[in-house]
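Q: Dropping the sequence and predicted coords here.
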Amino acid sequence: MVVIEKQSIITSKECLQLLKESLLVKRAEKEKYIQDLSAQLIQLGVQKHEFDKEGSTYSEECNRVQSLINGTFSELKKINIVLDSLEKGTFTGICNDCKKCIPEEELLGSPTRKLCVSCQQKMNNK
Ligand SMILES: [Zn+2]
């Protein structure tokens, strides 16, 4: 029986392995950051009475921390999607715009990218 290699033929196995490792590190960092921010939010609740003397600072501070948490969660989601596709062997490393392979060094620089650097720049210039 011939086992068909499901992993992408365009991106080398070494690159996929490196991608996975760097995503796992990033995921751990994000999870830690969310924990820290959640602790900050709890701490803010404890100190609420101190803030109230100064008016709206408390809710502003809560909103700031909450939006950091939300931002980190959405990054975490992107990381998990890429990790999942690496796990399932459905990861293609193809640019969503020009449909060419994203160069390995670009992928490794930013593992969750969906566009190659030149398409990204075109997008940014629009
Ligand atoms: Zn492209």
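A: Ah, there it is.
Q: any idea how far the ion is from the residue most central in space within the chain?
A: Ranked by distance to the mean C-alpha position of the chain (C-alpha atoms, centre = their mean), the top residue is residue 75 at 3.3 Å. Distance, residue 75 to the ion, by C-beta to the ion, to the nearest Å: 22 Å. C-beta here means a position set from N, CA and C on the backbone, and glycine is covered the same way.
Q: Same check on residue 38?
A: Look at residue 38 and the ion: by C-beta to the ion, they are 37 Å apart.
Q: Same question for residue 108.
A: 16 Å.
Q: was I right about residue 117 contacting residue 106?
A: Yes - assessed by C-beta atoms under 8 Å, residue 117 is found in contact with residue 106 at 5.2 Å.
Q: what about the two, which has more around it?
A: residue 106 (18 against 15; other C-beta atoms under 10 Å).
Q: re the thing from before, summarise which helices and strands the helix or strand that contains the residue nearest to the centre of the chain is packed against.
A: Assigned by DSSP states H and E, residue 75 belongs to helix 57-88. With contacts taken as 3 or more C-beta pairs under 8 Å, 6 or more residues apart in numbering; DSSP states H and E, helix 57-88 sits against helix 13-46, helix 48-52.
Q: Compare the mean pLDDT across those helices and name the weakest.
A: The weakest mean pLDDT among the helices and strands packed on helix 57-88 belongs to helix 48-52, with a mean of 77.
Q: Buried residues of it, list them for me.
A: Neighbour counts using 16 or more other C-beta atoms under 10 Å place residue 51 of helix 48-52 among the buried residues.
Q: now the helices and strands packed on helix 57-88 in a markdown table, with distance to residue 61?
A: Below are the helices and strands packed on helix 57-88 laid out as a markdown table (distance: least, C-beta to C-beta, whole Å):
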| stretch | distance to residue 61 |
| --- | --- |
| helix 13-46 | 6 |
| helix 48-52 | 7 |
